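Chemist: The amino acid sequence is not available; the structure is as follows:
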C-alpha cells in the first residue's frame, strides 16, 4: 500500500491529461472510467488493508465514489439525449454519502460538538442564500428547460459548501496535517471549483460545454483515491488533540464571511422586494443561530470546566476518586469527629500482589480490566457512605468511621472481594492484596494517616502476599532504619566496606572443592557486619542491585584470575556468581561479561552464573531467555539457586538453557526427619538427571544430611559442614593443597 498511492496519483494525472486532449468521446469515457474505477477500488481496498477506522465511514466513501463515477460517465450522453436528471440521480446521492463519510470521521474524532453543528448551519444558510440568489434564481428564469434542472444547477454549490465545511471542521482536531488530510481537503476544494463552474454556465442556460470543466472532478477523484491508499489514512479517524475552543480563530474565519453575506447581498442585489424579504428572513435566522451558538459556547465552556474538575479529582481508569479527592474527604471525616468521640477514622490501603506479572504476562489491557473489576468489587463491598479511591496503578484506599471492632469487620468484607478469581477474556486470575490499616481520632491529620497506612501496607507486603498489618509506631522506626541503611549502602558502594567472601562447593564423596560461590559481605564501620538478607532486598528496592552485582562480579573474576595464576585452584575449578533478574533483562549483559572475562583472562567455563527461579516466570522472561542463551553459547554454566521454593518446574527447565540446580536449604534441613522433604529432593534429583543437569545441595551442616543426599544421588554440596564463606586469603590458605585437580 505504501507505493500504490503514488502509482494511482501518477495514473490519475496522466489519464486526466489525455482526457483534456478530447481525442474522442470513447477515449474520454475510458480515461474517466480508469480514474473512477481506480478510486472506487482504492476507497474499498485501501482502508481495509490499512485497518483504518471507522470501517463504516470508508465503505460510505467507496459507495459515494461509485455513484460519482456513474454520474460523471453518463452525464455527456444523457445531456445530449435530453435526460440530464438521470446523471443527477447518481451524483446527488454521491454527495449525501460523502457528507455521511465526513460526519463519521468527525464523530470518531470527537468533533461533532453543538457549536460545530451550529457553525455548519450558519455557513450553509449563508452559502445557500448566495447560491440561490446568484445562481439558482437566474438559472430558474431561463426558459425552455425543466425547473428541476435549473434548481439542481444552483444546488450543487450548496452541497459543496457543506462538504467543505465538514472537511475544515475535520482539520480542527489535527495537531499535524497528514498527507491524507491534505489530499482530502484538496479533493473537496476541486469538487467545489468544478461545481461552481457548472453553476456559472448554468446561469446562461448551458449544462455542459467542454471537457476542461471536468478536469477538477477527475483530479478530485484521483486525490480521493490517494487519501484512501495513503498510510496516513489511519490517522483521519483519530483525534490527535482535544477539540479546539468554540471561539477559536479558525472558526471565526468561517463565521465572519457567513455573517457578512446577507448584508453584502442586500447592498448588491436587494432592490427587488422579494429578494429583500428572503435576505431578511435568512439574515434573521443566522442571527438567531449566532445567539444560540453563544449560549452553546458558554455551555461547552462550563461542561469542559466540570469535566476538567472531574478528571483532576478522579482516576481515569476506574472513575473512583483519586488521592487528591480522597485526601480532602478524609480531612472532612476527621473534622466531623467531636472531641472525646471514641470512634476513629480508619484508612485501609490495598496494593495488589504480583500485579506486574499480570501486565507482563497477559498485557496491560487485561491488567486494566482487573483494576476496574477490583474497584467495582470494593465499591459493592462497603456501605454507600464509605469513600473508595483508586490511587493509580494497582493501589486502592478506603476510609471508614467507626470502632476498632467495626473497622476489622469492614476489613474482612474487603478481603472477601479477592476470594473469587477475576475472569478476564476467558482467563481466570487469582489476585490477592496486601493491606495496611491506620487510624486517627479527633484532631488527626489526613496526610499522616495515609502515610501510616502506606507504611503498614509495605510491612504487610514484606510478609508475603495477602497479608494485612495495622500500623504501630515501631513501623516508623523500621522505615527510618531502612532509609538510613539505603543511604549507607549507597556510600558503601563507593568505598571499601563491601567485600567478597568465598564458600566451597564440594564433592560429597571426597569433601574436596570443585568450585566456590562468591558472596557479598558488608562491614559497616559503626554497625558492624550487616547480613546480606538485610541489605540485598534494600539494594533491589532502591535500584542498586545492578551496581552491587557488577561490583561483586568484577571482584570475583579478578580473584579467580589470581588463584588460577598462582596455582591455588585447578583448571577445572569454577566460581559461582549471583546475577539478578534486572541484570539478565539487559540485552548488553553478555557483551559486558565477555569483556570482563577478556580483561581478567578467565575462561567462561570457569564461571557459573546463579539466578533465582523468578527469572523464569518474570514478565521479562523472553528477554532474559535470549540473554541466557547468549551466555550459554559463550560457555558459562547457568545454575538455578534455591530451587524448589518458587515456581519452576520441568517446563521451565526445558525452556531455559540451565546447566544445573541448587536444592534449597529448607529441603536439606528436613532430610531424614520429614518424608515430604525426602520425596521433594528425590523428585528434583530424578528430574535433573533426566535433563542432564548437575545438582548441588545447599545448607549441608551435618554428616547425616550429607549421607542422605548421597543416597538419593546428589553428588555436590555446599554448607557449613565444609566451612562458611571466608575472605579470599583464608580460602586460599585452607584449600590450596586440597583443591580437586
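Modeler: Good, I have the coordinates. Note that the coordinates shown come from a computational prediction; the quantities given were computed from them, not determined experimentally.

Chemist: switch to C-alpha atoms for all contacts and neighbour counts from now on
Modeler: Noted.

Chemist: where exactly do the strands run in the stretch 451-600 of the chain?
Modeler: Taking DSSP state E, counting those that start in this stretch, the strands of the stretch 451-600 of the chain run over residues 468-470, 498-507, 513-524, 528-530, 574-578.

Chemist: and what of the stretch 301-450 of the chain?
Modeler: Under DSSP E, counting those that start in this stretch, the stretch 301-450 of the chain gives strands at 344-352, 388-390, 395-402, 422-424, 427-429, 433-440.

Chemist: strands paired with the longest one, and their directions?
Modeler: I take that to be strand 344-352. Strand 344-352 has the following strand partners under DSSP bridges: strand 395-402 (antiparallel), strand 433-440 (antiparallel).

Chemist: From residue 328, how far off is the most centrally placed residue in the chain?
Modeler: When CA atoms, centre = their mean is applied to the chain, the residue found nearest the centroid is residue 364 (6.8 Å). According to CA to CA, to the nearest Å, residue 364 and residue 328 sit 30 Å apart.

Chemist: and what of residue 188?
Modeler: From residue 188 to residue 328 the distance is 53 Å (CA to CA).

Chemist: quick one, which of the two is more surrounded?
Modeler: Each of residue 188 and residue 328 has its neighbours counted (other CA atoms under 10 Å); residue 188 has more, 25 against 12.

Chemist: who touches residue 506 in this structure?
Modeler: Residues near residue 506 by CA atoms under 8 Å, 6 or more residues apart in numbering: 512, 513, 514, 515, 716, 717, 718, 722.

Chemist: Looking at those, which is nearest residue 522?
Modeler: residue 718 (21.4 Å; CA to CA).

Chemist: Quick check: the closest one touching residue 702?
Modeler: No. Proximity of residue 718 to residue 702 does not meet the contact threshold set by CA atoms under 8 Å, at 11.2 Å.

Chemist: And the two? Which one has more around it.
Modeler: The neighbour comparison of residue 718 against residue 702 (other CA under 10 Å) goes to residue 718, with 28 against 13.

Chemist: Show the contacting residues for that one.
Modeler: Residue 718 neighbours (CA under 8 Å, 6+ apart): 503, 504, 505, 506, 696, 697, 698, 699, 700.

Chemist: Recalculate using a threshold of 10 Å.
Modeler: Listed by CA atoms under 10 Å, 6 or more residues apart in numbering, the contact partners of residue 718 are 503-508, 511, 513, 515-517, 662, 665, 696-701, 706, 724.

Chemist: so what are the domain limits for this protein?
Modeler: 4-300, 323-471, 490-735 (automatic domain parsing).

Chemist: now for the ones you listed, which one comes closest to residue 310?
Modeler: Of the domains of the chain, nearest to residue 310 by CA to CA is domain 323-471, at 9.8 Å.

Chemist: Output the below-cut-off pLDDT ranges for the stretch 501-650 of the chain.
Modeler: 616-623, 644-650 (pLDDT under 70).

Chemist: Helices along that one, start to end?
Modeler: Assigned by DSSP state H, counting those that start in this stretch, the helices in the stretch 501-650 of the chain fall at 532-541, 545-566, 581-584, 589-600, 614-617, 621-634, 650-655.

Chemist: Residue 193: which of those helices is closest?
Modeler: helix 621-634 (57.7 Å).

Chemist: Not counting its own residues, what contacts the closest one?
Modeler: Under CA under 10 Å, 6+ apart, the answer for helix 621-634 is 360-361, 581-591, 593-594, 603-605, 608-609, 614-616, 618, 635-638, 655-659.

Chemist: One more: stretch 400-412?
Modeler: 330, 333-334, 337, 341-348, 381-383, 385-388, 398-399, 413-415, 435, 437, 439-441, 468.

Chemist: In ChimeraX, how would I select just the buried ones from those?
Modeler: Buried residues among these (16 or more other CA atoms under 10 Å), as a ChimeraX selection:
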select :330,333,334,337,343,344,345,346,347,348,381,382,387,388,398,399,414,415,435,437,439,440,441,468
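
Chemist: one step back: now the buried members of the contacts of residue 718.
Modeler: 503-508, 511, 513, 515-517, 662, 665, 696-701, 706.

Chemist: thinking again about what came up before, would you format the strands of the stretch 301-450 of the chain as CSV with distance to residue 34 included?
Modeler: Shown next, in CSV, are those (distance: least, CA to CA, whole Å):
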stretch, distance to residue 34
strand 344-352, 61
strand 388-390, 59
strand 395-402, 61
strand 422-424, 50
strand 427-429, 51
strand 433-440, 65
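
Chemist: Mind checking those strands for the one nearest to residue 58?
Modeler: strand 422-424 (32.0 Å).

Chemist: What is the closest one packed up against?
Modeler: Helices and strands touching strand 422-424, by 3 or more CA pairs under 10 Å, 6 or more residues apart in numbering; DSSP states H and E, are helix 364-381, strand 427-429.

Chemist: Can you tell me which of these is packed in deepest?
Modeler: Of those, the one with the most neighbours on average (mean count of other CA atoms under 10 Å) is helix 364-381, at a mean of 18.

Chemist: what separates it from the chain centre, distance-wise?
Modeler: 17 Å (CA atoms, centre = their mean, to the nearest Å).

Chemist: any idea of the angle that helix forms with strand 344-352?
Modeler: 150 degrees (axes from the mean of the first three to the mean of the last three CA atoms, to 10 degrees).

Chemist: Do me a favour and average the pLDDT over helix 364-381.
Modeler: Averaged across helix 364-381, pLDDT comes to 89.

Chemist: try stretch 65-77
Modeler: For stretch 65-77, the per-residue pLDDT averages 81.
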